[in-house]
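Colleague: Dropping the sequence and predicted coords here.
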Amino acid sequence: MKTVYTCFCTDVIHDGHLNIIAEARKRGRVIVGCLSDETLIRYNKFPTVSQEDRIKLYRSIEGVEEVVIQNDMRYDDVIALIQPDYVLHGDNWRKGPEKAIRDHVEELLAAYGGELVDIPYTYNETVRKIDLQLREKLAMPEYRRKRLRQLISMTPIVKVMEAHSGLTGLIVEKTVVEHEGKLDQFDAMWISSLCDSTAKGKPDIELVDMTSRFRTIDDIMEVTTKPIIFDGDTGGLTEHFVYTVRSLERMGVSAVIIEDKKGLKKNSLFGTEVEQTQATIGEMSAKIAAGKTAQLTDDFMIIARIESLILEKGMEDALARARAYVAAGADGIMIHSRRKDPAEIVEFCDRFREEDKTTPIVVVPSSFNVITEEELAQHGVNIVIYANQLTRSAFPAMQKTAEDILKYHRAKEVDDRLMPIKDIITLIDEL
Ligand code: SPV
Ligand code: MG
């Protein structure tokens, strides 16, 4: 009896999967792989069904003899374990980022005479509807809101990218890259005060009001499913912050980060070049505690951002504040720095982790950008935020295009660096 292996990463079994199982049964004994949660979030999309329930689901399909967990996107381990005569997969992986994984499977099988079979992908109206429904479900506030906490427990480091509009939201939602045979994507979105203000041509001084900031969130939520972390600046007056918490929670935002500053807030990357006042430990703790009292669900997170290193108040002050903010109820700590050298961030994380093993740590490596995600995770960081890179890459590209059109009195010279018209009009999915 021959052995046939196929790996599933779906939450719902539809005609396409049943067709693959039927084709597999013609060839031998069917083993189905269940892609683990940790791998699935990098490869495909966030699961709406737990790993245990997916295993049960796959087991219940008639003709499936065994279900195994596939822990890696690449098939090396699972193929070494099972040595299947055949691997079956929908032929949609012949192109796009998954192609590298497919080609590697082909190589692994060729080494011992196994065979890869690409089954024509089933894409009918029912399959399209199921895809759409899953996406809608992921976007619902009650599912989206809790996903940040789920991600923290699922992955060594949650990767977050800035978004300030529907379009940038789509980039964070949809960008998948293949590198060295593995796929990767962002987990969540950061609604940066800097980029939200910049997109409106305004300074980052809490000038853009909450109604406008909420409008940005709504624009992004309408077209995406990934969880959202909101940059709440100082949180404003405590009496106002409690309303903000309720609104964000109701919208389905996963977390707000508030920084321990008061008065006229300026962007942290100015550091001590401009006048900025740090709130006292007592003031900030009271604001955190009030927010936690106002919160209605267990899902939402209030993360306290410590500005002591930015304002050159020293490591001991930063650590004392971290302790106090956690005691006041903060669900996480963000530590910020504007040094190029990541040493002070690393020192903070190591020392904080010595006394607190669980409270999530968030960092924003805009200045200390040499440190990798893997290194940050080794120092106990749970969330990394790329806070402004989309805005900073788009602005110079747009400015150069404007300059060149002025220079050449026509648009021909810039055309080869523009997105083709056909691509831009088909960029947005129609329902
Ligand atoms: C933002 O993105 O608005 C931030 C991070 O608050 S920083 O600009 O580094 O202060
Ligand atoms: Mg900000």
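Modeller: Done, it's in. Ligands and ions are numbered 1, 2, ... in the order given.
Colleague: Get me the contact residues on the stretch 51-200 of the chain for ligand 1.
Modeller: 192-194 (C-beta under 6 Å from any ligand atom). Heads up, the C-betas are built off the backbone N, CA and C, glycines and all.
Colleague: Ligand 2 next: which of the residues you listed are close?
Modeller: 193-194 (C-beta under 5 Å from the ion).
Colleague: For Arg29, give me phi and psi.
Modeller: phi -80, psi 130 (degrees, to the nearest 10).
Colleague: Quick check: the gap between it and Lys159.
Modeller: 39 Å (C-beta to C-beta, to the nearest Å).
Colleague: Now Asp81: closest residue in space, sequence neighbours ignored.
Modeller: Heads up, residue 81 is Leu, not Asp. Val68 (7.4 Å; C-beta to C-beta, 6 or more residues apart in numbering).
Colleague: try Ser285
Modeller: Using C-beta to C-beta, 6+ apart, the nearest residue to Ser285 is Ala328, at 3.7 Å.
Colleague: Please apply the same query to Asn267.
Modeller: Per C-beta to C-beta, 6+ apart, closest to Asn267 is Asp204, 4.4 Å.
Colleague: ok but the one you found is inside a helix, no?
Modeller: No. Counting by DSSP: H, G, I helix; E, B strand; the rest coil, Asp204 is not part of a helix but coil.
Colleague: Who are the contact partners of the residue nearest the centre of the chain?
Modeller: Centroid check for the chain by C-alpha atoms, centre = their mean gives Asp187 as the closest residue, at 1.5 Å. By C-beta atoms under 8 Å, 6 or more residues apart in numbering, the contact set of Asp187 is 41, 151, 155, 158-160, 226-227.
Colleague: How about Val172?
Modeller: 161-163, 186, 189, 224, 226, 390.
Colleague: Give me the nearest residue to it, chain neighbours excluded.
Modeller: Met161 (4.5 Å).
Colleague: That neighbour belongs to a strand?
Modeller: Yes. Under three-state DSSP, Met161 sits within a strand.
Colleague: Quickly list what it is bridged to.
Modeller: Beta-bridge pairing for Met161 (DSSP bridges): Met189, Tyr386.
Colleague: longest helix in the protein, by residue count?
Modeller: The longest helix of the chain (DSSP state H) is helix 389-408.
Colleague: what's downstream of that one, the next helix or strand?
Modeller: Per DSSP states H and E, helix 389-408 leads on to helix 421-425 as the next helix or strand towards the C-terminus.
Colleague: residue contacts, the residue nearest to Thr198 when sequence neighbours are not counted?
Modeller: Nearest residue to Thr198, sequence neighbours excluded (C-beta to C-beta, 6+ apart): Thr391, at 5.7 Å. Taking C-beta under 8 Å, 6+ apart, we find Thr391 in contact with 162, 164, 168, 192, 194-195, 198-199.
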